[in-house]
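Engineer: build the 3D model from these lines:
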Amino acid sequence: MFAAFLFDLDGTLLDSETLWIEAIDVALRQRGVKLSHAEVTELVLGRSWPDIFANIQRRFPGVYATRLAMEEVTVPLYREYGTRRDIRIHSSIALLQRLAKRGPTVIVSGSTRNRIAESIELMGIEELIPFYLGSEDYAPGKPAPDCFLLAAERLGVPADQCLVFEDSPAGIAAAKAAGMTCVALHRQETPPPVGADLVLADLAEFSFGQLAQA
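Structural biologist: Prediction:
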């Protein structure tokens, strides 16, 4: 039924979006921009880093002169926060390992390619990922379908034969706009996902039979 499997990274394989939310909140507060937790979450959740920064520049012109200037603040904070806990979502990684035995499995993320490479090494799945797409590889970012369509093109697989695993509204919208089937991970700290073909609280529960019944 499916020839390839496309995984989002942040929030799906790694519990990293909470770290980015904290890091970006601190970076903005350092420049006098105080937002609620809900506002920062809306700014970050499911978005590519270029889109996040472009939105910050639009709303708060000049708060950081360049994306690099902001990354010099956020990336060290993210890494510091990441040393305090294991951010791997082990059940999601186990599903990726299982599906990699059935067909090509790639990561399609809004993070930078460097961050994705570091994350793949952290998860120990280097040999399972033939390629990955990061924010430098496509534009615009999610919820546009470009990233998933590019992955299908590189795989040589029709879009309707790709199964996507996501967690955010933007990612789900991108997968559906690409004509793909989407399974959403609903984590307690995030709003319930809408629009996915199947929603699970833990990707360890996934089976193809569930999709057939959905």
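Engineer: so this protein: which segments form each domain?
Structural biologist: 4-15+87-213, 17-82 (automatic domain parsing).
Engineer: quick one, which of those is packed in tightest?
Structural biologist: domain 4-15+87-213 (a mean of 19; mean count of other Cβ atoms under 10 Å). For the C-beta atoms, the positions are set from N, CA and C on the backbone; glycine is no exception.
Engineer: mind checking the end-to-end distance for it?
Structural biologist: With Cα to Cα, to the nearest Å as the measure, domain 4-15+87-213 spans 20 Å from end to end.
Engineer: on that earlier part again, and the domains of the chain as CSV, adding mean pLDDT?
Structural biologist: Output for the domains of the chain, formatted as CSV (pLDDT from 0 to 100):
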stretch, mean pLDDT
domain 4-15+87-213, 94
domain 17-82, 91
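Engineer: could you dump the longest helix seen in the chain to PDB, C-alpha only?
Structural biologist: In the chain, with assignment by DSSP state H, the single longest helix is helix 67-82. Taking C-alpha atoms only, helix 67-82 is exported to PDB below (Å, rounded to 0.1, in the frame of the first residue of the first chain):
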ATOM      1  CA  ARG A  67      18.900  35.000  11.300                       C
ATOM      2  CA  LEU A  68      22.500  34.100  12.200                       C
ATOM      3  CA  ALA A  69      22.500  36.700  15.000                       C
ATOM      4  CA  MET A  70      19.400  35.100  16.500                       C
ATOM      5  CA  GLU A  71      20.800  31.600  16.100                       C
ATOM      6  CA  GLU A  72      23.900  32.700  18.000                       C
ATOM      7  CA  VAL A  73      21.600  33.000  21.000                       C
ATOM      8  CA  THR A  74      19.000  30.300  20.400                       C
ATOM      9  CA  VAL A  75      21.300  27.400  19.400                       C
ATOM     10  CA  PRO A  76      23.500  27.500  22.500                       C
ATOM     11  CA  LEU A  77      20.400  27.700  24.700                       C
ATOM     12  CA  TYR A  78      18.800  24.700  22.900                       C
ATOM     13  CA  ARG A  79      22.000  22.600  23.400                       C
ATOM     14  CA  GLU A  80      22.200  23.600  27.000                       C
ATOM     15  CA  TYR A  81      18.600  22.700  27.600                       C
ATOM     16  CA  GLY A  82      19.100  19.400  25.700                       C
END
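Engineer: now do that helix: which elements does it pack against?
Structural biologist: Counting contacts by 3 or more Cβ pairs under 8 Å, 6 or more residues apart in numbering; DSSP states H and E, helix 67-82 packs against helix 17-29, helix 49-59.
Engineer: of the ones you listed, which is nearest residue 143?
Structural biologist: In terms of Cβ to Cβ, the element of the helices and strands packed on helix 67-82 nearest to residue 143 is helix 49-59, at 9.7 Å.
Engineer: only C-alpha atoms, please: export that closest one in CSV.
Structural biologist: Provided in CSV are the C-alpha atoms of helix 49-59 (Å, rounded to 0.1, in the frame of the first residue of the first chain):
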residue,chain,number,x,y,z
TRP,A,49,13.4,28.0,11.1
PRO,A,50,13.5,30.5,8.1
ASP,A,51,9.7,30.9,8.5
ILE,A,52,10.0,31.4,12.2
PHE,A,53,12.6,34.1,11.8
ALA,A,54,10.7,35.8,8.9
ASN,A,55,7.6,35.9,11.1
ILE,A,56,9.6,37.4,14.0
GLN,A,57,11.1,40.0,11.7
ARG,A,58,7.7,40.9,10.4
ARG,A,59,6.2,41.3,13.8
